[in-house]
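**Q** Sequence plus predicted model, see below.
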Amino acid sequence: MSRILSTGGAINEAIAIAMRTDPTVILMGEDVAGGGDRSKDGTEEMGGVLGTTRGLVGEFGMNRVRDTPIAEMGLIGTAVGAAATGLRPIAELMFMDFLGTSLDPLLNQASKLRYMFGGKVKVPLTVRTVSGAGMQAAAQHSQSLYWITTGIPGLKTVIPSNPVDAKGLLLAAIRDDDPVIFCEPKGILNQSSEVPEGDYEIPLGKANIVREGSDVSLVAFGATVRIAMKAAKALEGAGTSAEVVDLRSLSPLDDEAILTSLEKTGRMVIIDESTPRCSIARDIAAVCVDKGFDFLQAPVKCVTAPHTPVPFSAVLEQAFLPSAQDVLDAVGQMG
Amino acid sequence: MSRILSTGGAINEAIAIAMRTDPTVILMGEDVAGGGDRSKDGTEEMGGVLGTTRGLVGEFGMNRVRDTPIAEMGLIGTAVGAAATGLRPIAELMFMDFLGTSLDPLLNQASKLRYMFGGKVKVPLTVRTVSGAGMQAAAQHSQSLYWITTGIPGLKTVIPSNPVDAKGLLLAAIRDDDPVIFCEPKGILNQSSEVPEGDYEIPLGKANIVREGSDVSLVAFGATVRIAMKAAKALEGAGTSAEVVDLRSLSPLDDEAILTSLEKTGRMVIIDESTPRCSIARDIAAVCVDKGFDFLQAPVKCVTAPHTPVPFSAVLEQAFLPSAQDVLDAVGQMG
Amino acid sequence: MGFTGPELAEIYRRMRTIRSFEEKLHELVSAGKIGGFMHLYAGQEAIAVGVCAQLAEADIVGSTHRGHGHCVAKGVDVKAMMAELFGRSTGTNRGKGGSMHIADIDKGMLGANGIVGGGIPLVTGAALTAQVLGRENVAVSFFGDGATNQGQFHESLTMAANWELPVVYVCENNGFGEFTPTEFVVPVKDIADRASSYGMRAVIADGMDFFDVYEKAGEAIALARKGEGPTLLECKTYRFYGHYVGDQTPYRNKEEAEEWIQNRDPLDIFETKASEAGVVEPDEFRRIDGEVAALLNEAVEEAEAAPLPSIAEVLTDVYVRYEG
Amino acid sequence: MGFTGPELAEIYRRMRTIRSFEEKLHELVSAGKIGGFMHLYAGQEAIAVGVCAQLAEADIVGSTHRGHGHCVAKGVDVKAMMAELFGRSTGTNRGKGGSMHIADIDKGMLGANGIVGGGIPLVTGAALTAQVLGRENVAVSFFGDGATNQGQFHESLTMAANWELPVVYVCENNGFGEFTPTEFVVPVKDIADRASSYGMRAVIADGMDFFDVYEKAGEAIALARKGEGPTLLECKTYRFYGHYVGDQTPYRNKEEAEEWIQNRDPLDIFETKASEAGVVEPDEFRRIDGEVAALLNEAVEEAEAAPLPSIAEVLTDVYVRYEG
Ligand SMILES: Cc1ncc(C[n+]2csc(CCOP(=O)(O)OP(=O)(O)O)c2C)c(N)n1
Ligand SMILES: Cc1ncc(C[n+]2csc(CCOP(=O)(O)OP(=O)(O)O)c2C)c(N)n1
Ligand SMILES: [Mg+2]
Ligand SMILES: [Mg+2]
């Protein structure tokens, strides 16, 4: 059975299933309840600033669904400590930009405890966070900072491109025994599709070939998968067969799927919503020119945002974001 | 005139010159005085946890050399606000690992104020910080996180490889009108050499060819320059002529120098002390396979630390760090 | 009371300008004419205007995501603000900042700030500049009750107290951080109680009463200017709209909201008190209302007609100079 | 006093073990036999031992860069600790952690921590686990005076106070953060004053007196266990060595240091008081000194003889499972 759900709805469902099946799973964050149950005074809940977690405090109560103060170090750090001592917390970092106020527990604690302790602890923490631009939320609420969490050994980073994957990847992330950063790209939160009911997981670390093709590989993830698909259609019209690889996980990275596709096509474009320096796009290009050198028939192209903050004005924000046209231009430049 | 100075000594001298020549330059950080002048009670100063800033509070007094509380968000954030309103602060972040507790003022403020304000402000801030491994300081005091600051648009990142460059780059950084992260790699702090007296600057954004060669390019920076030079000598013995490029700046990056060298040699190894994912090494490999594709005669190799935290035990730490042998192996694998 | 009629009229004009600006934005955003996240200041006008009336142009203020009121109070041009919210190149920030980053450093306005608590160290740094250079300026940081739970609040106040910086920390306690009541996440009765962690002076003002804010802010600012260090000034207030435009406020108690909005409106309170002083003509207030309304209509018209930034501007203003 | 002779002897043994461990390390590091950053706990023994004597094994403690004392007090094996500092695979952390990350989760020791303030939220999280699962455990966070200036301190205590978590925050105020005297950077007289920002109970203990710490920690822990929420316990103390091994302490006042080290040694104070109780044989203390000395010599010998980790271990223990 399946019904139409938005990505937000699919995420909500995944959390509910995880909480029903494991009493050690809790949800904590700023306004994840957002009113409701807390005082039984007749007020209603908001369920998060984007409404994603609505209904959960009603089902699971305030012991397991906790509104926190606006204190990201404390909130994420506490979740890390809870994860190391027997809970399996889902902590919400409202926007990924707030890594600024929550980095230490991720950079220096969650990611390193197991290693520093010689393998004698595990940290089964999931941090859900909204990434990306497109809502005119400007420079401090629009960043795609998954390259930072990907670069930190000890963390995993996952990013779905559609509601079905969001549900399955989130369930896998929550049940994973390592700390996982789960990105919810703004560009897909309101996207809807049929989503299977019930409990299913999509394994971390495995890419998904969403379109087969033979002339060029378009590697994408999160909100850029849609751009890649659009570009692939346009390329098809021009007689070029594009394969689209949806990474799903950024760490672990499915090198094998990327290289297999490159072997098939000989050409690679990586489409990444973030800024270019030290990006996932460039990271993958480096993998291609090391392990896939013999397959390369053309320069590897990275389609990313420019090396700038995210501008507010809609015209500038649209120019900032990578587009299908940028992908076509990149393919054109490959010669 | 020049004398033998350590890198630490050269940094000290650069700060003193900058403070003498510009009354708006101040130095602030945890224990940058570290005793001394503050109470005139007969105690002596430490001049920072590694002694780098010793003597400065004596010369410039407590108004301009300020010990701060152990509060990196406050310390760096205050320096950003001071820079936006008329000072030219040098803020010390004792170890680069402490980006964990100081990221927000760098990620969301210093780097973005000018852009967000439509160009109507400047932030002439320098953040000095000690990066890298090699002192058995373990997972939370040994990271090379310059890839994070490099990836943030609006920041510049600089890293010297020797005392002479340290002095000239730091003077340029302090006088630069943009926020600059100045890394002081542990691996070179105690290295000494002749350093010119007086006031000189080395421009940001320009790489330095420290050794000419024709068969392979070794791109290095900070503590890895010495590794590259050692490998170059070994390669020479085996009949391979290696060119060594010292980047000096990571942002802006001197693409041109890198590509020129690649054009000459056709082979590229990048040596980076940090972990691999989203590293400077991979960033540069991506530049090579995009803009330098036609020059490439072999896979581009990244010699980095593994995707792990930094271990404590000396044997493990040495195995963690890139070595000249790793460079030779990489060259060997190029076929 | 000690204000002349024209002074009172000017104060009223500022408060009314903020209110009308926010009401206009509520319309425009609801109608989809302006995008982005929009947090309205309506209800809190007495605080921005009361504090800024004590400041010189060269004094610095720093603000929050709810920053329009502080801009208007500090003298930022209303038309340029409106143009900014429309994303035009004539905006205060050339269209690059928007509501959460609106700024005008020439007027001493160091920016709204999208990071809760993120403006507090910046303003502390502005006070450091004044102290190091021996200037007479003070700096004022505005922030909400929720922001006092941020580490950046704690670290900044610690530094300011240690160094006796010329800064005033103004907490606008409007009873909520987003949808969560303050008492649920702030473990003390008054935000002012938190000053004792810094050995700092603390004062509580009625944030709906311009005169009370004006007086207490004046004392704190004068002390800061004399080198007697920082003060934490808590102003009790309420926001009349939801957290952002679109928030239907199901989480708030309806009677309580009614009480604040109907009976404690800072503009009404001001008008009553100012009228009692007998130095303003009764119809003067309505005349100002009309002028402000006209100004805002003009601001919208001009903003809508103003040019958008050119696409090339995505790439400018990142650095003063950047050569690779 | 209420302690039996064997109990007092055991307490003394723990304190002596810490002291001798640190003295031994001072030698070994000075001689270049052990590397890394090394912060010694000597002088503060009464705190770790006094607090941990009130805890069960399943209760959690979290520590700082100055963590050896807390490990010993919580029952971590001294030989495994020594092996860790020598970087051996028989170490508590298999040689991967070293002094600043020494840990033993089986003993409820959630790790030293190289990040000042970084352990505070972790321990708060351990208390959250106990609360959510309805366990009777408490958690204790040890940290220094300097750490109270960190945002992580502020944010953690705010959360613990809101949720009335079963946690005790133990501040070891040794008068310095690195080389900077506490009064220069902490703007209140007592760290305990900071609890008022969280509406939290605060208590001050003489950190050189085991009995005072034991009693006051006992009350705080009992309250936490009963569900009556957190306490901030400040213990006044002094570190006998410098900040790290190698620090010659030119920044500290010599008379003051003399006074603490000569006249306020927690081991001496304990021995005097315990002797007055008349339940320990006078030569018992010296016997324990000898046993501890022998234990440490053995620990060093065994550590030196123990195998180094194999190089392949650089790559293990990063993840439970990682497949790309
Ligand atoms: C660091 C950070 N965390 C969370 C948010 C999301 N957020 C925006 S406004 C807000 C509430 C702020 O409450 P308060 O400080 O009381 O100000 P008010 O909105 O009531 O004026 C939150 C949580 C943010 N912008 N920045
Ligand atoms: C976040 C962070 N900032 C700075 C440091 C460097 N540092 C290590 S110990 C220390 C002093 C800590 O002082 P205190 O908390 O009083 O503990 P004590 O050393 O006195 O036991 C500092 C500044 C650090 N390790 N982590
Ligand atoms: Mg509020
Ligand atoms: Mg201390």
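**A** Nice, thanks for sending it over. Residues are numbered from 1 along each chain as shown, chains lettered A, B, ... in the order given. Ligands and ions are numbered 1, 2, ... in the order given.
**Q** doesn't C:E136 make contact with C:D59?
**A** No: taking C-beta atoms under 8 Å as the definition, C:D59 is not a contact partner of C:E136, at 9.1 Å. All C-beta atoms are positioned from the backbone trio N, CA, C, and that covers glycine.
**Q** between the two, who's got more neighbours?
**A** Ranked by neighbour count (other C-beta atoms under 10 Å in any protein chain shown), C:D59 and C:E136 place C:D59 first, with 24 against 12.
**Q** could you pull out the helices for chain C?
**A** For chain C, helices defined by DSSP state H occupy the ranges C:5-30, C:45-52, C:68-73, C:78-85, C:119-133, C:151-163, C:182-185, C:210-225, C:254-263, C:266-277, C:284-305.
**Q** neighbours around the residue in the stretch 201-335 of chain A that ligand 3 sits nearest to, how many?
**A** Using C-beta to the ion, A:F312 is the residue of the stretch 201-335 of chain A that sits closest to ligand 3, at 23.4 Å. Close neighbours of A:F312, defined as other C-beta under 10 Å, add up to 31.
**Q** For it, grab phi and psi.
**A** Phi and psi for A:F312, reported as degrees, to the nearest 10, are phi -80, psi -50.
**Q** Please name the residues that touch it.
**A** A:Q136, A:A138, A:A139, B:M116, C:G36, C:G87, C:N93, C:G95, C:K96, C:G97, C:G98, C:H101 (C-beta atoms under 8 Å, 6 or more residues apart in numbering or on different chains).
**Q** pLDDT on stretch C:149-165, on average?
**A** Stretch C:149-165 carries an average pLDDT of 98.
**Q** do the same with stretch A:257-273
**A** 98.
**Q** mind checking pLDDT for the residue nearest to A:I227 when sequence neighbours are not counted?
**A** Nearest non-adjacent residue to A:I227, counting by C-beta to C-beta, 6 or more residues apart in numbering or on different chains: A:A324, 5.2 Å away. Looking at A:A324, its pLDDT is 98.
**Q** how many other residues sit next to C:I269?
**A** Using other C-beta under 10 Å, C:I269 has 18 other residues around it.
**Q** Tell me the confidence at residue 298?
**A** Reading this off chain A. With respect to pLDDT, A:A298 scores 98.
**Q** hmm, I had chain C in mind actually
**A** pLDDT, C:E298: 98.
**Q** mind listing what it touches?
**A** C:E298 neighbours (C-beta under 8 Å, 6+ apart): C:K79.
**Q** now do A:R64
**A** A:M19, A:V25, A:I26, A:L27, D:V132.
**Q** Let's have the residues you listed in JSON lines, adding pLDDT and distance to chain C.
**A** What follows is these, written out as JSON lines (pLDDT from 0 to 100; distance: C-beta to the nearest C-beta, whole Å):
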{"residue": "A:M19", "pLDDT": "98", "distance to chain C": "21"}
{"residue": "A:V25", "pLDDT": "98", "distance to chain C": "22"}
{"residue": "A:I26", "pLDDT": "98", "distance to chain C": "17"}
{"residue": "A:L27", "pLDDT": "98", "distance to chain C": "15"}
{"residue": "D:V132", "pLDDT": "98", "distance to chain C": "18"}
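**Q** Most neighbours out of the residues you listed, which is it?
**A** Counting neighbours by other C-beta under 10 Å, A:L27 leads those with 25 neighbours.
**Q** Any figure for the gap between that residue and A:I227?
**A** 31 Å (C-beta to C-beta, to the nearest Å).
**Q** count of neighbours near A:G198?
**A** A:G198 has 9 neighbouring residues, counting by other C-beta under 10 Å.
**Q** now A:S214
**A** Residues lying near A:S214 (other C-beta under 10 Å) number 13.
**Q** Isn't it up against A:G266?
**A** No: A:S214 is not in contact with A:G266 according to C-beta under 8 Å; the separation is 9.4 Å.
**Q** Got phi/psi on A:G239?
**A** Here is the backbone geometry of A:G239 (degrees, to the nearest 10): phi 90, psi 10.
**Q** Now for it, how many residues are close by?
**A** For A:G239, the neighbour count with other C-beta under 10 Å is 7.
**Q** if I look at it, how far off is A:L218?
**A** A:G239 sits at a distance of 16 Å from A:L218 (criterion: C-beta to C-beta).
**Q** Now do the residue in the stretch 151-300 of chain A positioned nearest to chain D against C:A56, distance only.
**A** Relative to chain D, the nearest point of the stretch 151-300 of chain A is A:P252 (3.5 Å; C-beta to the nearest C-beta). Taken as C-beta to C-beta, the spacing of A:P252 relative to C:A56 amounts to 58 Å.
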